[in-house]
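Novice: Here is the input, now give the coordinates:
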Amino acid sequence: MRFLLRILLNAVAVFLAAQLIPGINVASLGTALLAGLVLGLVNAIGRPLLILLTLPATLLTMGLFIFVINAACLGLAAWFVPGFTISGFWAALFGALVISLISWLLSALLTDKND
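Specialist: So this is what the prediction gives:
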């Protein structure tokens with residue numbers, strides 16, 4: 001149940017980011033759901049590996065390189081999902097920031113504090 005809620009939160013965040021950030025396009029609500037699923041899988045599987053591989057760059061930039069990793073994960077998710085497009089690096093970077101903030105906010109509002 002928690003996994004489905006996470007996918008739904010990611011889908012809402014992707015859909016809202018597409019509305020707010022020029023350069024991010026989502027064809028439909030179904031595409032947003034698929035993008036939420038793929039983004040969740042990319043973040044669960046690929047992101048830890050990317051963080052480990054880019055640890056020196058992350059340390060040199062005092063953690064700011066994590067934003068680039070988030071943008072890369074969003075771009076990878078867009079590459080896998082037809083109908084979900086990102087036009088460039090800056091759109092991916094700002095989109096990743098918006099998706100992270102919206103997902104965090106919705107998660108804080110909707111999840112049970114006792115879990």
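Novice: Just the buried residues of the lengthiest helix in the chain, please?
Specialist: Among all segments of the chain classified by DSSP state H, the helix with the greatest residue count is helix 29-53. Within helix 29-53, the residues that count as buried by 16 or more other C-beta atoms under 10 Å are 31-40, 42-43, 47, 50. Every C-beta, even on glycine, is put in place using the N, C-alpha and C of the backbone.
Novice: Residues touching it, excluding its own?
Specialist: Where contact means C-beta atoms under 8 Å, 6 or more residues apart in numbering, the residues beyond helix 29-53 that reach it are 3, 6-15, 18, 26, 58, 66, 69-70, 72-74, 76-78, 80-84, 99.
Novice: hang on, the earlier thing: go through the buried residues of helix 29-53 and name the one nearest residue 91.
Specialist: Using C-beta to C-beta, residue 35 comes nearest to residue 91 of these, at 14.3 Å.
Novice: ok, the closest one to residue 99 distance?
Specialist: Taken as C-beta to C-beta, to the nearest Å, the spacing of residue 35 relative to residue 99 amounts to 10 Å.
Novice: shaky segments in this structure?
Specialist: When residues are selected by pLDDT under 70, those of the chain lie in 112-115.
Novice: which residues in it form helices?
Specialist: All helices of the chain, identified by DSSP H, fall at 2-20, 29-53, 55-60, 65-80, 89-110.
Novice: Could you list the buried residues of the last one?
Specialist: Residues of helix 89-110 classed as buried: 91-100, 102-103, 106 (neighbour count, 16+ other C-beta under 10 Å).
Novice: Adding distance to residue 62, write those out as TSV.
Specialist: Converted to TSV, the buried residues of helix 89-110 look like this (distance: C-beta to C-beta, whole Å):
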residue	distance to residue 62
91	25
92	21
93	17
94	20
95	23
96	18
97	17
98	22
99	23
100	18
102	25
103	24
106	28
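Novice: How much space separates the residue lying closest to residue 88 once chain neighbours are set aside from residue 63?
Specialist: Ranked by C-beta to C-beta, 6 or more residues apart in numbering and with sequence neighbours excluded, the top spatial neighbour of residue 88 is residue 23, at 6.0 Å. As for residue 23, its distance to residue 63 is 25 Å (criterion: C-beta to C-beta).
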